[in-house]
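> Predicted model and sequence below, questions to follow.
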Amino acid sequence: MNLTADIVLRDGYFLEQHQVTTADGYILTMFRIPGSPANPVRQGKNVAFLMHGLLSSSADYVISGPGRALAYLLVDAGYDVWLGNARGNTNSRRHIFHDPDARNTDFWDFSWHEIGYFDLPAMIDYTLAYTGHTSLHYAGHSQGTTSFFV
């Protein structure tokens, strides 16, 4: 698996993994924590979308564990929590034709602007369509906030 999934499952929370492809071909992985031992999975919960900062991943929101990590605090409070992962991080190193490990690849030719222009809309639109909601709560750290303003 990967760090985020391993941590969430180790901590006894429910977990789903979702893939979304951006308009420019990046394949992004998102994690959904729809419930916890303290708050079971059910339809209709308000959605909270969390986006990591520069050089980070969704693991940032679960690594400090139950009772401390923001993702867990929100799930335990009754939210349907979605964790985004920007292009190029450990969870989102795929593209429909660019190879991130190839020599002279265009895979890495992006900035926080593309994350805001392509990645966030793709992940947010997917989350809203999947949950049937028309709005969500967004929290971003560092680059996760900067790219949101794009």
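Sure, I can see it. Numbering: from 1, shown residues only.
> which other residues reach stretch 117-135?
Applying CB atoms under 8 Å, 6 or more residues apart in numbering, the external contacts of stretch 117-135 come out as 18, 20-24, 26, 28, 30, 46-47, 49, 51, 80, 82, 84, 86-87, 136, 138, 147-148, 150. All C-beta atoms are positioned from the backbone trio N, CA, C, and that covers glycine.
> Show me just the buried residues among those.
Restricting the contacts of stretch 117-135 to buried positions leaves 20, 22, 26, 28, 30, 47, 49, 51, 80, 82, 84, 86-87, 136, 138, 147-148, with burial counted as 16 or more other CB atoms under 10 Å.
> Helix, strand, or coil at residue 146?
When classified by DSSP: H, G, I helix; E, B strand; the rest coil, residue 146 comes out as helix.
> May I ask you to name the longest strand in the chain?
Of all the segments of type strand in the chain, defined by DSSP state E, the longest one is strand 26-33.
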